[in-house]
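>>> Sequence plus predicted model, see below.
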Amino acid sequence: MKNMNNAHQSQKIIFFDGVCLICNRTVDFLLKNDRKKRLKFASLQSAFAVDFLQQLRNQSVKEDTIIFYDEGQIFIKSTAVLKIAAYLGMPYALFDVFFVIPRPWRDLFYDIIARNRAKWFGSREQCRVPDQETSGRIIA
């Protein structure tokens, strides 16, 4: 990883669309159900995410793609969702069974939801701001 700040190398960071309502509801769910508080979150629109992902991947990222950075590895779309579920423990870890479905098929389903998420679930005017409860877990 070139020029990457070592402070975040060992972390588990979920990059999400900060204006998407279903994305924000998912972050709320993950904040509540990540009992060990291992997961951190950053809006794809944040300066941190843009800089971090640009250094890591050397390319821009579409805002309709969830990205999971797990101790130096990048996972996107359906694979990211399944890897994140594993960190929640049981019963969510059972979603591992979906790894038997080929990634292109899983990602096709993911892409259909991603393309229609604003129409189906709505969006916000601006990204969420960390509060006292989420401070330290949401990277601005």
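Sure, I can see it.
>>> Identify the residues contacting the longest helix along the chain?
Ordering each helix of the chain by length in residues (DSSP state H) puts helix 103-121 first. Here helix 103-121 makes contact (Cβ atoms under 8 Å, 6 or more residues apart in numbering) with 20-23, 25, 64-65, 77-79, 81-82, 98. Bear in mind the C-beta positions are built from the backbone N, C-alpha and C, glycine included.
>>> Any figure for the gap between the residue lying closest to Phe75 once chain neighbours are set aside and Asp96?
Distance criterion Cβ to Cβ, 6 or more residues apart in numbering; nearest residue to Phe75, sequence neighbours excluded, is Phe68 at 4.4 Å. Counting by Cβ to Cβ, to the nearest Å, the gap from Phe68 to Asp96 is 15 Å.
>>> Return the set of buried residues in stretch 25-38.
26-27, 30, 34 (16 or more other Cβ atoms under 10 Å).
>>> ok so, going back, and the contacts of helix 103-121, which of them are in helices?
21-23, 25, 77-79, 81-82.
>>> Check those and tell me the two furthest apart.
By the measure Cβ to Cβ, Leu21 and Thr79 form the most distant pair in these, at 23.1 Å.
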